[in-house]
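> sequence first, predicted model second:
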Amino acid sequence: MYDVAIVGCGIIGAAAAYELSRYRLRTVVLEKRNDVCDATTKANSAIIHAGYDPEPGTLMAKLNVRGAELAQELCARLDVPYRRVGSLVLAFREEERPTLEALYRRGVRNGVKALSLLDASEAHAMEPGIAPDVAGALYAPGAAIVNPWEYGIALAETAVKNGTELRRSSEVLSIGRIDGGWRILTNRGSVDAGFVINAAGVSSDKVHNMVAAPDFTIRPIRGEYYLLDKSEGTRVSHVIFQCPTENGKGVLVSPTVHGNLIAGPNAQAVEDGGDVSNTAQGMEFVRRAALRSVPSISFRDNIRNFAGLRAACERDDFVIRAAAPGFLDLAGIKSPGLTAAPAVAEYALELLRGEGLKTEKKADWDGTRKKIRFRDLSAEEKNRLIRKNPAYGRVICRCETITEGEILDALHSPIPPRSIDGVKRRAGSGMGRCQGGFCGPRVLAILAREYHMAPEEIPQDNDGSWILSGETKRGGSADA
Ligand SMILES: Cc1cc2nc3c(=O)[nH]c(=O)nc-3n(C[C@H](O)[C@H](O)[C@H](O)COP(=O)(O)OP(=O)(O)OC[C@H]3O[C@@H](n4cnc5c(N)ncnc54)[C@H](O)[C@@H]3O)c2cc1C
């Protein structure tokens, strides 16, 4: 019998697991995909929002501001790329100024620090790349950019390092009441736990409905993006928003922690809950809207398009509460869920205690993580490392200068990747201009060699995304 079972391992499940790993508890995380943080958590704007956007008094407002406060120190502790670049919300016409003023007042009520309203000349002085007709801006120095999937993976890895059990490729199919807790049936057997946390993202309504009467429905809203080459990475130095509309925060343009430029998202309701395809219409909308803010962006330098799904529901707030005794929903976590995640986890623990969970701190908890990033080292440090382990001297991803040593580190991490994209999310190989065209086959060969698997068994990403189907020619003289 586990003390707590967490359904879903995006950033919300991972943050909850990290928080619980501080205590002497038996925790299991059940994730249906073959990797953690491989759904919405890997496909979003990657912004730590300052907190002026949510309606005061909502959970979203409270947990956004608290999550943003926690993020900087947490990312430092977990060695996750984080940069506090600040954000500007642009007003293009005088008529949009009242919106900026309303956001400012909301931010002050939410407890966001150091917000200020800029006139046109101040906004242009701060960010020369924005459109000439910008009439003013709301400046939030506390906004930051982060590597979202690495943030989530780091939380999950650290939880696992501290004793949390993770079961991947384990889809929760049903949940039933048993004496003292819950029996969770997965495609790989059942798990009993005293308490359950539902962190199933866009499926959180389905998981809720396994134990309680339906009372919210997730209607996913897709957001599509351009990721532009590093040659575009310095177009702007802040996160550039437009005034929000009823469809959300609108299209932003932002530098990324990897040195690229990101533009997006649009907001498109999807019929098929899992559809993350890009559409010509959506991309054109994003392109035009981004050029409205920053007219000089070169969209010819696009290296990747992707889309993520917002877990939108009929309530304009996160759905966080006990749905049944000992069963907690962390549901409908749309934006700013990435920002709020550590605060959601703190709040979830408080609610679980209210449900009767007993917590006793571990004496030996280690909430830190450290990674080697070869290309950031000095020449001396690189040489020292290569002398110790020659694998750091073999560059596998040329665009991003990722070495075999870093890929092997990922393969020996607490949550070893099972796919080429899993390696990408940990080591950074395939993140560059050629998007894995060069390193993909080499990463596949390393995975096959290290895991003693046939190359055909290595997927691109989730189970079933096979790359090779068999040999076309056999090597060696006997068959030549
Ligand atoms: C377009 C877009 C832009 C965004 N931008 C930002 C931003 O800039 N800043 C910000 O703060 N937030 C942003 N967000 C919101 C943020 O990305 C999400 O709130 C956050 O990633 C949600 O995390 P999650 O763990 O709830 O969901 P997910 O990451 O989707 O994780 C849920 C997990 O549950 C698993 N699962 C589902 N069903 C089952 C089952 N039956 N059994 C087992 N496992 C299951 C899934 O496989 C998945 O791994 C954005 C979201 C979108 C879509």
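Everything's here; your move.
> residue 87 reaches residue 236, doesn't it?
No: with contact defined as Cβ atoms under 8 Å, residue 87 does not count as touching residue 236 (10.4 Å). From N, CA and C alone the C-beta is placed, and that goes for glycine too.
> please report the distance of residue 30 from residue 166.
8 Å (Cβ to Cβ, to the nearest Å).
> which of those two has more neighbours?
A count of neighbours by other Cβ atoms under 10 Å puts residue 30 above the other of residue 30 and residue 166, at 26 against 22.
> sorry, back to before: shared neighbours, residue 30 and residue 166?
In terms of Cβ atoms under 8 Å, 6 or more residues apart in numbering, residue 30 and residue 166 are both contacted by the residues residue 9.
> roughly how far apart are residue 114 and the ligand?
With distances taken as Cβ to the nearest ligand atom, to the nearest Å, residue 114 is found 19 Å from the ligand.
> oh, I was asking about residue 454
Residue 454 is 26 Å from the ligand, by Cβ to the nearest ligand atom.
> I figured that residue hits residue 444, correct?
No: checked against Cβ under 8 Å, the pair residue 454 and residue 444 is beyond contact range at 10.8 Å.
> so for the two, which residue has more residues nearby?
residue 444 (21 against 10).
> was I right about the more buried one contacting residue 467?
Yes: counting by Cβ under 8 Å, residue 444 touches residue 467, with 6.6 Å between them.
> which neighbours do these two share?
Common neighbours of residue 444 and residue 467 (criterion: Cβ under 8 Å, 6+ apart): 420, 458.
> buried residues of stretch 223-240, list them for me.
223-230, 232-233, 235-240 (16 or more other Cβ atoms under 10 Å).
> near the ligand, which of those residues show up?
residue 223 (Cβ under 6 Å from any ligand atom).
> of the buried residues of stretch 223-240, which belong to helices?
Judged by DSSP state H, the buried residues of stretch 223-240 include no members of helices.
> from the buried residues of stretch 223-240, pick the one nearest residue 420.
Nearest to residue 420 out of the buried residues of stretch 223-240 is residue 227 (Cβ to Cβ; 17.7 Å).
> where does the prediction get shaky in the stretch 301-450 of the chain?
Low-confidence regions of the stretch 301-450 of the chain, defined here as pLDDT under 70, do not occur.
> what does it put close to the ligand?
So the stretch 301-450 of the chain meets the ligand at 308, 309, 310, 333, 334, 335, 336, 337, 338, 339 (Cβ under 6 Å from any ligand atom).
> for the stretch 201-350 of the chain, give the residue positioned nearest to the ligand.
residue 337 (1.9 Å; Cβ to the nearest ligand atom).
> hang on, the earlier thing: identify the farthest-apart pair in the residues of the stretch 301-450 of the chain next to the ligand.
Longest span within these, Cβ to Cβ: 309 and 339, 17.5 Å.
> between those two, which has more neighbouring residues?
The residue with more neighbours, out of residue 309 and residue 339, is residue 339; 29 against 22, by other Cβ under 10 Å.
> contacts only, for the more buried one.
The neighbourhood of residue 339, defined by Cβ under 8 Å, 6+ apart, consists of 47, 48, 49, 51, 64, 67, 68, 71.
> how about the CA coordinates for the helix or strand hosting it, as PDB?
Applying DSSP states H and E as the criterion places residue 339 in helix 337-354. Presented in PDB, the C-alpha positions along helix 337-354 are these (Å, rounded to 0.1, in the frame of the first residue of the first chain):
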ATOM      1  CA  GLY A 337       0.300  26.400 -14.500                       C
ATOM      2  CA  LEU A 338       4.000  26.200 -15.300                       C
ATOM      3  CA  THR A 339       4.600  29.200 -13.100                       C
ATOM      4  CA  ALA A 340       2.200  28.100 -10.400                       C
ATOM      5  CA  ALA A 341       3.400  24.400 -10.200                       C
ATOM      6  CA  PRO A 342       5.600  24.600  -7.000                       C
ATOM      7  CA  ALA A 343       2.900  26.600  -5.300                       C
ATOM      8  CA  VAL A 344       0.200  24.200  -6.500                       C
ATOM      9  CA  ALA A 345       2.300  21.400  -4.900                       C
ATOM     10  CA  GLU A 346       2.600  23.300  -1.600                       C
ATOM     11  CA  TYR A 347      -1.200  23.900  -1.600                       C
ATOM     12  CA  ALA A 348      -1.900  20.200  -2.500                       C
ATOM     13  CA  LEU A 349       0.200  19.100   0.500                       C
ATOM     14  CA  GLU A 350      -1.800  21.400   2.800                       C
ATOM     15  CA  LEU A 351      -5.100  19.900   1.400                       C
ATOM     16  CA  LEU A 352      -3.800  16.300   1.800                       C
ATOM     17  CA  ARG A 353      -2.900  17.000   5.400                       C
ATOM     18  CA  GLY A 354      -6.500  18.300   5.800                       C
END
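> find the residue closest to residue 19 in space, skipping its chain neighbours.
residue 345 (3.9 Å; Cβ to Cβ, 6 or more residues apart in numbering).
> got the contact list for the one you found?
Shown in contact with residue 345 (Cβ under 8 Å, 6+ apart): 12, 15, 16, 18, 19.
> run the last query once more with 6 Å
15, 16, 19 (Cβ atoms under 6 Å, 6 or more residues apart in numbering).
> how is the protein divided into domains?
As recorded under automatic domain parsing, the domains making up the chain are 1-81+144-218+311-370, 82-143+219-309, 374-457.
> point out the most buried one among those.
Mean neighbour count (mean count of other Cβ atoms under 10 Å) peaks for domain 1-81+144-218+311-370 among the domains of the chain, with a mean of 21.
> run the chain-centre distance for that domain.
Averaging C-alpha positions (Cα atoms, centre = their mean, to the nearest Å) puts domain 1-81+144-218+311-370 13 Å from its chain's average.
> and residue 164, how close does it get to residue 462?
Distance from residue 164 to residue 462, by Cβ to Cβ: 22 Å.
> and residue 83, bridged to which residues?
Beta bridges link residue 83 to residue 145 when assigned by DSSP bridges.
> what about the strands in the stretch 1-150 of the chain?
Under the criterion DSSP state E, counting those that start in this stretch, the stretch 1-150 of the chain contains strands at 2-7, 27-30, 47-48, 82-83, 87-91, 116-119, 136-140, 144-146.
> let me know which of those is the nearest to the ligand.
Of all these, it is strand 47-48 that lies closest to the ligand, at 3.4 Å by Cβ to the nearest ligand atom.
> now the closest one: average pLDDT?
Mean pLDDT, computed over strand 47-48, is 98.
> what strands line up against it, and which way round?
Using DSSP bridges, the strands paired with strand 47-48 are strand 144-146 (antiparallel).
> does the strand it pairs with come close to the ligand?
No: Strand 144-146 lies out of reach of the ligand by Cβ under 6 Å from any ligand atom, never closer than 8.5 Å.
> residue 63 contacts residue 341, doesn't it?
No: the pair residue 63 / residue 341 is not scored as a contact, 8.6 Å apart, by Cβ atoms under 6 Å.
> tell me which helix or strand comes right after the helix holding residue 339.
helix 379-388.
> rewinding a little: among the contacts of residue 339, which ones are in helices?
Judged by DSSP H, those include 64, 67, 68, 71 as members of helices.
> dump these into CSV; add distance to residue 131 as well.
Below are the ones in helices among the contacts of residue 339 laid out as CSV (distance: Cβ to Cβ, whole Å):
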residue, distance to residue 131
64, 28
67, 31
68, 27
71, 30
